[in-house]
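>>> Let me see the structure of the following:
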Amino acid sequence: MAYRLMNNNKTLVLFGSTGLIGSGISKILRGAGYANIFSPSSQEVNLTNYEVVNSYFEKKKPDYVILAAGVVGGILENQNNPADFIEKNVFIHANVLRCAKEYDVKKTILFGSSCMYPRNCPQPMVEDALLTGKPEVTSLPYAISKLMALNIASAYNHQAGENRFLTLIPNSVYGPNDNFSAQSGHVLSALIGKFHDAVNNDLKELNLWGTGSPKREFVYVDDVARACLLLLNSDVSEIEFPLNLGVGHDLSIAELAEKIAYCVGYRGKINWDKSKPDGAMQKLLDSSRIKLLGWKPKVDLNEGLDLTYSWFKKSLESY
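Numbers count the residues shown, from 1 in each chain. Reported below is the predicted structural model:
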């Protein structure tokens, strides 16, 4: 198979461009000189409607597609809205991937999640461990939808005899344009929001979910975007997908909370509500395969937290 490299004149459609990962990808691609990028909003293209998606593909006929859209959230959102997490994500991925196949898109990048791995999985988790056990129950709806998308992509690649669907599995992504809600955000962004409110309200104590002992690995959004740029400009014919994407080390939620408290300026007491669920105890990815391709993270957690909190404060001021 010949190289399928992206050049500046090719058309790329980026779904989910206003979200965390999508906005980071848009920034990195445009900074690299790619201008022929279409970023339809959810109002312009309802990805859960196949006829609408098909019509958009017929109109744009993209050379490349990046699917960063979807319904996301933390443990509480998964528990409260399991049907939404499965149904909407299944429709979104099935519709976009089907149209990418039918319109002969050269490369389509989509994203899995570390929650797809079995709850009791050897650490660090290698790609071959997928489907060897049941995922953590607190994130099962989201995990099931992502496993479906991964297997559709793999089936299309197998049937066509070439890699057109490139699945990345980033670990916990964070950065600007994240969801900082305590109710629906992921752990890092939700903690930033909580500590910021605690400082503003001069709270002397702050209650957090769980024991603080689970460990998590965090990757800054720009590093995820640079991985996408690498794949768009690489020969992927001999690469086995999916590819894990992580920094290679993790820390406990309690340690993360201390880092965020320091970053935000909170000096009060942190209490842990052990009656609340922890989720999986560890989700460290083995990212050696993508690192062999030349990717490596550039932003460490301390710098990433500073960048993220700085953006968060500016966004509040603008609002």
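>>> lowest-pLDDT helix or strand in the protein?
helix 75-80 (a mean of 70; mean pLDDT, DSSP states H and E).
>>> Give me the buried positions along the following helix or strand past that one.
The helix or strand immediately downstream of helix 75-80 is helix 82-102, counting by DSSP states H and E. By neighbour count on 16 or more other Cβ atoms under 10 Å, the buried set for helix 82-102 is 85-86, 88-101. Any C-beta I mention is one placed from the backbone N, CA and C, and that applies to glycine too.
>>> now, which of those sits nearest Lys107?
Ala100 (9.0 Å; Cβ to Cβ).
>>> low-confidence ranges in this structure?
For the chain, the stretches flagged by pLDDT under 70 are 1-8, 73-78, 319.
>>> Farthest from the middle of it: give me that residue.
Outermost residue of the chain with respect to the C-alpha centroid, by Cα atoms, centre = their mean, is Lys204; its distance is 33.5 Å.
>>> Thought Ile270 was touching that residue, still the case?
No - the criterion here is Cβ atoms under 8 Å, and Lys204 misses it with Ile270 at 10.9 Å.
>>> what are the phi and psi angles of Val105?
When read as degrees, to the nearest 10, the backbone of Val105 gives phi -70, psi 130.
>>> Now the closest residue to it other than its chain neighbours: which helix or strand?
For Val105, ignoring the flanking residues on the chain, the nearest one in space by Cβ to Cβ, 6 or more residues apart in numbering is Val65 at 5.1 Å. Using DSSP H and E, Val65 falls within strand 64-67.
>>> That strand - contacts with which helices or strands?
Here strand 64-67 touches strand 12-15, helix 82-102, strand 107-111, going by 3 or more Cβ pairs under 8 Å, 6 or more residues apart in numbering; DSSP states H and E.
>>> any chance you could map the strands in the stretch 51-200 of the chain?
Along the stretch 51-200 of the chain, counting by DSSP state E, counting those that start in this stretch, strands occupy 64-67, 107-111, 165-170, 172-174.
>>> residues contacting the residue nearest to Val105?
Leu12, Val13, Leu14, Phe15, Val96, Ala100, Val105, Lys107, Thr108, Ile109 (Cβ atoms under 8 Å, 6 or more residues apart in numbering).
>>> could I get those as JSON lines with distance to Ser189?
What follows is the contacts of Val65, written out as JSON lines (distance: Cβ to Cβ, whole Å):
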{"residue": "Leu12", "distance to Ser189": "27"}
{"residue": "Val13", "distance to Ser189": "26"}
{"residue": "Leu14", "distance to Ser189": "21"}
{"residue": "Phe15", "distance to Ser189": "21"}
{"residue": "Val96", "distance to Ser189": "25"}
{"residue": "Ala100", "distance to Ser189": "30"}
{"residue": "Val105", "distance to Ser189": "31"}
{"residue": "Lys107", "distance to Ser189": "29"}
{"residue": "Thr108", "distance to Ser189": "27"}
{"residue": "Ile109", "distance to Ser189": "23"}
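>>> By neighbour count, which of the residues you listed wins?
Most neighbours among these, by other Cβ atoms under 10 Å: Val96, with 27 neighbours.
>>> Is Gln131 in contact with Leu150, as I believe?
Residue 131: Leu, not Gln. No - judged on Cβ under 8 Å, Leu131 makes no contact with Leu150 at a distance of 9.4 Å.
>>> Look at the two and report which has more neighbours.
Between Leu131 and Leu150, counted using other Cβ under 10 Å, the more crowded position is Leu150 (23 against 13).
>>> re the thing from before, tell me the most buried of the strands of the stretch 51-200 of the chain?
Across the strands of the stretch 51-200 of the chain, averaging neighbours per residue (mean count of other Cβ atoms under 10 Å) puts strand 64-67 on top, at a mean of 26.
>>> can I get the strands of the stretch 51-200 of the chain in TSV with distance to Gly304?
Below are those laid out as TSV (distance: least, Cβ to Cβ, whole Å):
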stretch	distance to Gly304
strand 64-67	22
strand 107-111	18
strand 165-170	13
strand 172-174	7
